[in-house]
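In: sequence-free structure coming up:
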């Protein structure tokens, strides 16, 4: 009985991990499938909005939005060290 419970638990964890990986690949594919002009426009607009709304603000009502935009920015091949430094400025730092 115990082996069955462990098997079911491990199987569930593996399925969740596979879903997470698949979703990440799917989101990246959607971004890379955009034309260069569309991707550039979306990247620039997302980065501009992220800077305006998310950088330098304490955790507030926009946190969920900022987390999603941060994850979206990381999908772009254009997100270089400058982009990464903007993201780093707004990431939450553990307090303990």
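Out: Nice, I can see it. Computed from a predicted model, the values in this text were never measured in an experiment. Numbering: from 1, shown residues only.

In: tell me the buried residues in stretch 78-93?
Out: For stretch 78-93, the neighbour count (16 or more other CB atoms under 10 Å) marks 78-79, 83, 86-87, 90 as buried. No exception for glycine: its C-beta is placed from N, CA and C like everyone else's.

In: export those to a markdown table and tack on distance to residue 51?
Out: Output for the buried residues of stretch 78-93, formatted as a markdown table (distance: CB to CB, whole Å):
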| residue | distance to residue 51 |
| --- | --- |
| 78 | 15 |
| 79 | 13 |
| 83 | 10 |
| 86 | 6 |
| 87 | 10 |
| 90 | 9 |
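
In: from those, which land in strands?
Out: In this view, the buried residues of stretch 78-93 have no member that belongs to strands under DSSP state E.

In: ok, the residues you listed vs residue 61, which is closest?
Out: Nearest to residue 61 out of the buried residues of stretch 78-93 is residue 90 (CB to CB; 14.6 Å).

In: check what pLDDT that closest one gets.
Out: At residue 90, the model reports a pLDDT of 76.

In: please name the residues that touch it.
Out: Shown in contact with residue 90 (CB atoms under 8 Å, 6 or more residues apart in numbering): 50, 54-57, 66, 70.

In: repeat for residue 86
Out: 47, 50-51, 55.

In: next one: residue 39
Out: Residues near residue 39 by CB under 8 Å, 6+ apart: 31-32, 76, 78.

In: the helices in this structure, which residues?
Out: Secondary structure of the chain (DSSP state H): helices located at 2-32, 36-54, 63-73, 81-90.
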